[in-house]
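Visitor: Just a sequence and a predicted model for now, questions to come.
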Amino acid sequence: MSKHIRLRFSVGEPGRFISHLDILRLMGRAVRRAQLPIAYSQGFSPTPKLAFASSLPVGVTSEAEYVDLQLTTSLGGESVQECLNAVLPEGFRILASAGLPENYPPLMSQITTARYQITILDAAPNLGQTAADLLAQEEVPALVKRKDKVEQVNIRGLIDSLAYDPQQKRLELQCASGVQANLRPMDLLPLLGLDLRSVLIHRTDLLIKTGTGRLLTPFDILKE
Amino acid sequence: MQEKLLRILPEVSKPARYTNGELHAYSKDWDQTAVKMALAFPDTYEIGMGNLGFKILYHIVNQRQDALAERVYMPWVDMQAKMKEEGLPLYALESGRPLASFDIVGFTLQYELSFSNVVKMLDLAGIPRLSAERDSRHPLVIAGGPSAYNPEPLADFLDCVVLGDGEEVIGEVLDLVKYSKEQDLPRQEALLRLAQIPGVYVPRFYAIKYTEEGTIKTICKTEPSVPDRIEKRVVADLDQAPFPDKMVVPYLQTVHDRVMVEVMRGCTRGCRFCQAGMIYRPVRERKIGTLKKQALQLLDSTGYEQVSLTSLSTGDYSKVEQLVAELAAECRLRGVSVALPSLRVDSFSVKLAAEIEKFKKTGLTFAPEAGTQRLRDVINKNVREEDLYEAVDAAFSAGWFQIKLYFMIGLPTETWEDLDGIAALARQVLEIGRQRLPKNGKKPTVNVSVASFVPKPGTPFQWEAFNDQEVLLAKHSYLRKKLKHPGIDFSAHDVRTSYLEAVFARGDRRLGRVVARAVDLGCQFDGWNEHFRYDLWMQAFRDTCVDSEFYAYRRRPADEIFPWEHLSSGVSRKFLWLERERAYQGITTEDCRFSKCTGCRVCQDLGVTIKLQGGDGVE
C-alpha cells in the first residue's frame, strides 16, 4: 500500500498514433473515470499528478512505458492497475505495478536507455551487413528533427547495439533514450535504406544505467 | 484494407484522425443490423468531433437495435493523397467499411464553405455525385443542419434534406429506409415515401423555373403527393428529448474537447442578421435537474476535466445563476471546471464568468456587433454602450486583462461614422482597463475582430446585398488606421471567403454545377485559409457561365421568390419583412420571452410553445 504507484503500460493499435501530450491527457481522464484518489497540482489549472518516464515517438508501439501516480490515500498497486484497465481505451493496458517510497526521484531524469524491435515488412537485402557497416563507423551523420529544425548530427555515440535477426526479419536496437541523450529510432531508418511504411517499431524496454554500468528496469531499481 | 491503412498512417499528419477504437465509440455487428447509417461531417475530425448535434444523432441511431451509425470526416489532403495511392475509398471510422456500403450517408451542413467538401467526400467514397445517377444500390445521401434551410446549391447532389431538429425525424427516416430495403423498393419509390415524412424535402420532386432576368419564376412540385411547402421539425419538449449519457472521447485533442450539455435550444433576442436566432425558434429550456444529471453522468463516463453549458446564449437561461452555482459546486468536488462559451454583453454575465473562473483569467470576448447605437438598433442587437462599459469594467476589476470585441462590417445602412464608433468603443474599453487594472500588473489589451456581414436565408436581412469586396477592404484599412494604438490589436476576416459564403447562402440550383466544377479544379476545405483558392472558384464560375455577383451583390426586391421559398423554419416571411422595415426605421423589437409575442408565427404554426424553467414564459 502506498500513495505513490509506479505503473508499466503498453501502447498498441491505435494508441501508437497519438502524441505524448495526448497520452498525458488520456491517462488523466482514465484516472478520473476510475475515480482513483489522485493528487492534483496546485495553481491556476490543477492537473492530476502523473509523471511519465519518457515520451513515446508517434507511430511506435511499446510494452515498456512507465508512469508514476501520486494519490491522496494509500492503495495497493494491483488494485490501481485493475481499476485503470477497466476504463482504458483500446491500445492501452497496464501491465505491472509497484508501490514507491516517498520522495522518489522523478523517473524521467533517470531513464538513459531504450530497446526497440524494428520489424521489416518488405524485402530488405543485406540488412545485417548494412547494420554492421554502420556500427563500424565512427561518424554516423543523420538528419535529426529538433524543435522544428532539421539538423545533421553524429548519432554513432547514441547507438549501443544494432543487430539484424534474419529469421524474425527484425532489427534489435539498443540506444540512448532520455533527457541527457536521445535517439528516435525513425531517424536511423534512412541510413539503413528503410522508411516508416516498411517497418513496425516496437519499444521493448526503458532502462536506467547505474553508476557501475548495469542496466535496470524502473521496477528493478526499486529493489536496489 | 486494414493492413494498407496501417502502412500509410505513420506517414500522415495526426494519424489518430483516421483510426477506430476511441472510448465509447460503438462497434455494432454489421451483419446483424438492418440499417446502416454513416454520419458524415464535411470538415476535419477535430472540427467535426466538436459538433453536439452529431453526437446526439450518433447516440439516437445507435440506441436502436435495428440500426447503427458510424462516423466519417473529411480526410486532410495528405491522407487523401495516400488513400488515392493505395486505392482506398473513403471509409467510416468504426468498422473501416467503405462509405458506399452504407444504406444512408447523412451530411451535416454547418455552413456554406463546406459545400465543396460534401461533393469531394462523395468523390473520395466513389459514390456517384448526382442524385439522378444513383439508384437503390447506392447509399441514400441526405443532409441536415443550419445550411439545410437553403440546400439548393447542393440540390442535385442530395437525395433528401431534413429540416429542423433531427431527434424525432431521424427515426422515421430509418424506419422508411429499413422498409424500402425489405421491400426492395426502387429509389424513386423510396424517395416518394420519404417525401411524405414531415420535415423531409426531396429536391427532385420540385421543378424550378427562372425569369429572363435570372430570378426564380416558379417553384412547382412535380409529384402530386409531396407537400407544397416543407416545414421544419421541432422538438416540443427539449427536457424529455434524448441526450447521450456517454460521448466518444477522442485520442487527440479536438474542438470543444469536453463534456457538453445543451442548456436550451433557440434564441429570441431577434438579431436581424442572425440565422440561428431565427431557425431554432422557439426557446426551449431544459430543467436544472436534468442538466445536472446529464453533466455529472457524462463527466463520470468520459473523465473529462471540463463541462460546457452550451446554447446560443447561455446567459439568457432563465435560471442561469442557480444552474451555474449548483453545477460549479458539484464540479469543484470532482476537480473539474465549468465553462460558459457565450457571454452576453453585460456585467451580469461577467459576474457569472467570474464565479466559475476563480483562477485563470486571461481573455473574455464580447460581441457588440456594431459601433454605434444607431446601427445596433438597426440590427436589433439590444446592447447599449453602457452595457459594454459595465461589462468590461467588471471584467477588468475581476482580473481579466484581455478583451476581445467582435464586430460585423458591411451591415445594411452602415456609414463611416459606424466604423468610427468601433474605434471609439475599443479605445474606451482600453481606457477602462488602464484605470481598473493595477499600474504595476498586467497591461490591458483589446483585440478588435471584424467579420463581413453575410445575408442569410430565413432572416430579416435575406433581401439585403453583400457589401462590395472593394468597399469592405477599404473599411478594413480605414479601421486598421483608426485602431493603430498601443494595446489595441486589429484583425479582419478574409473578405473573399465571406463573398463566396454570400454567393452560396442565397444560391439556387444553378450553383450546383459551379460546385462540381470547383471540386474538379481542386477546391476543397474552403474554410481553411491555406486551402481556399479564390482564383479557382472564380474560374469555376466563368467555366459554368454563372455570374457570382448576381447572387452576392444584388439587393432583392420585396416580392422576389427565393430559392428556399418552399422550405420553412416556421418564421413567417411577413414577419421577416416587417422586421426589415423596422430595421430601416431604427426601431428595435423586444425578446418575446420577456415581452409580448412578436408575431413570428413559429409557436402558432408549428404547435409549440416557449418553455422557460423560470415559469414566466409569456403566452
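Guide: Received the coordinates, thanks. Residues are numbered from 1 along each chain as shown, chains lettered A, B, ... in the order given.

Visitor: drop to CA atoms for contacts and neighbour counts, all remaining ones
Guide: OK.

Visitor: Of all the helix elements in chain B, which one is longest?
Guide: Determined from DSSP state H, the single longest helix within chain B is helix B:416-436.

Visitor: what residues does it touch?
Guide: B:370-372, B:375, B:389, B:392-393, B:396-397, B:401, B:405, B:407, B:443-446, B:448, B:475, B:479, B:482-483, B:487-488 (Cα atoms under 8 Å, 6 or more residues apart in numbering or on different chains).

Visitor: Now list the buried members of those.
Guide: B:370-372, B:375, B:389, B:392-393, B:396-397, B:401, B:405, B:407, B:444-446, B:448, B:475, B:479, B:482-483, B:487-488 (16 or more other Cα atoms under 10 Å in any protein chain shown).

Visitor: quick one: low-confidence ranges for the chain?
Guide: No chain specified, so I'll use chain A. A:44 (pLDDT under 70).

Visitor: not quite, I wanted chain B
Guide: B:1, B:358-360, B:615-619.

Visitor: dump the residue contacts of whatever residue of it ends up closest to chain A.
Guide: For chain B, the residue closest to chain A is residue B:303, as judged by Cα to the nearest Cα, at 4.4 Å. Contacts for residue B:303 (Cα under 8 Å, 6+ apart) come out as A:28-33.

Visitor: From those, which land in strands?
Guide: Among the contacts of residue B:303, none falls in strands (DSSP state E).

Visitor: The strand ranked longest in chain A: how far from the chain's middle?
Guide: Assignment by DSSP E gives strand A:61-75 as the longest strand of chain A. Chain-centre distance of strand A:61-75: 13 Å, with Cα atoms, centre = their mean, to the nearest Å.

Visitor: helices or strands next to that strand in the packing?
Guide: strand A:2-11, strand A:50-52, strand A:199-209 (3 or more Cα pairs under 8 Å, 6 or more residues apart in numbering or on different chains; DSSP states H and E).

Visitor: Generate a markdown table for these, with mean neighbour count and distance to residue B:223 as supplementary columns.
Guide: Formatted as a markdown table, the helices and strands packed on strand A:61-75 follow (neighbours: other Cα atoms under 10 Å in any protein chain shown; distance: least, Cα to Cα, whole Å):
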| stretch | mean neighbour count | distance to residue B:223 |
| --- | --- | --- |
| strand A:2-11 | 22 | 58 |
| strand A:50-52 | 19 | 65 |
| strand A:199-209 | 21 | 59 |
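
Visitor: With respect to residue A:82, which of those lies nearest?
Guide: When the helices and strands packed on strand A:61-75 are compared by Cα to Cα, strand A:2-11 sits nearest residue A:82, at 11.2 Å.

Visitor: Say whether chain B is contacted by that closest one.
Guide: No. With Cα under 8 Å from any Cα of the partner chain as the criterion, chain B is not reached by strand A:2-11; the gap is at least 12.4 Å.

Visitor: Run through who's touching that strand.
Guide: A:61-77, A:81, A:91-102.

Visitor: Just the buried subset of the residues you listed, written out for PyMOL, thanks.
Guide: Buried residues within the contacts of strand A:2-11, by 16+ other Cα under 10 Å, are selected in PyMOL with:
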select buried, chain A and resi 61+62+63+64+65+66+67+68+69+70+71+75+77+81+91+92+93+94+95+96+97+98+99+100
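
Visitor: got the phi/psi numbers for the spatially most central residue of chain B?
Guide: Compute the mean C-alpha point of chain B, and by Cα atoms, centre = their mean the closest residue is residue B:110, 4.1 Å away. Main-chain torsions, residue B:110, degrees, to the nearest 10: phi -80, psi -40.

Visitor: Could you tell me which residues of the stretch 151-300 of chain B lie near chain A?
Guide: B:251-253, B:300.

Visitor: out of those residues, who's nearest residue B:272?
Guide: residue B:253 (35.1 Å).

Visitor: The helix ranked longest in chain A vs chain B: in contact?
Guide: In chain A, assigned by DSSP H, the helix with the most residues is helix A:20-33. Yes. Using Cα under 8 Å from any Cα, helix A:20-33 reaches chain B at A:22-23, A:26, A:28-33.

Visitor: Now rank the residues you listed by neighbours and give me the top one.
Guide: Among those, the one with the most neighbours (other Cα atoms under 10 Å in any protein chain shown) is residue A:32, at 25 neighbours.

Visitor: Now it: closest residue in space, sequence neighbours ignored.
Guide: residue B:303 (5.0 Å; Cα to Cα, 6 or more residues apart in numbering or on different chains).

Visitor: how far away is the one you found from residue B:63?
Guide: 22 Å (Cα to Cα, to the nearest Å).

Visitor: Same check on residue A:2?
Guide: Distance from residue A:2 to residue B:63, by Cα to Cα: 42 Å.

Visitor: related to what we said a few turns ago, could you give the angle of the helix or strand following the longest strand of chain A to helix A:20-33?
Guide: Remark: after strand A:61-75, the chain's next helix or strand is helix A:77-87, criterion DSSP states H and E. With axes from the mean of the first three to the mean of the last three Cα atoms, to 10 degrees applied, the angle from helix A:77-87 to helix A:20-33 works out at 100 degrees.

Visitor: any idea which helix or strand comes after helix A:77-87?
Guide: Later in the chain than helix A:77-87, the nearest helix or strand by DSSP H and E is strand A:92-100.

Visitor: What count of nearby residues applies to the closest residue in space to residue B:76 that isn't next to it in sequence?
Guide: Computed as Cα to Cα, 6+ apart, the closest residue to residue B:76 that is not its neighbour in sequence is residue B:44, at 6.7 Å. Residue B:44: 16 surrounding residues under other Cα under 10 Å.

Visitor: What values do phi and psi take at residue B:44?
Guide: phi -70, psi 160.

Visitor: need the contact list for it.
Guide: Counted by Cα under 8 Å, 6+ apart, residue B:44 has contacts B:73-76.

Visitor: Take those and, keeping just the buried ones, write it as a PyMOL select command.
Guide: Of the contacts of residue B:44, the buried ones can be selected in PyMOL as follows, counting by 16+ other Cα under 10 Å:
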select buried, chain B and resi 73+74+75+76
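
Visitor: Give me every residue in chain A lying close to chain B.
Guide: Counting by Cα under 8 Å from any Cα, chain A sits next to chain B at A:14-15, A:17-19, A:22-23, A:26, A:28-33, A:44-46, A:58-59, A:88-90, A:196-198.
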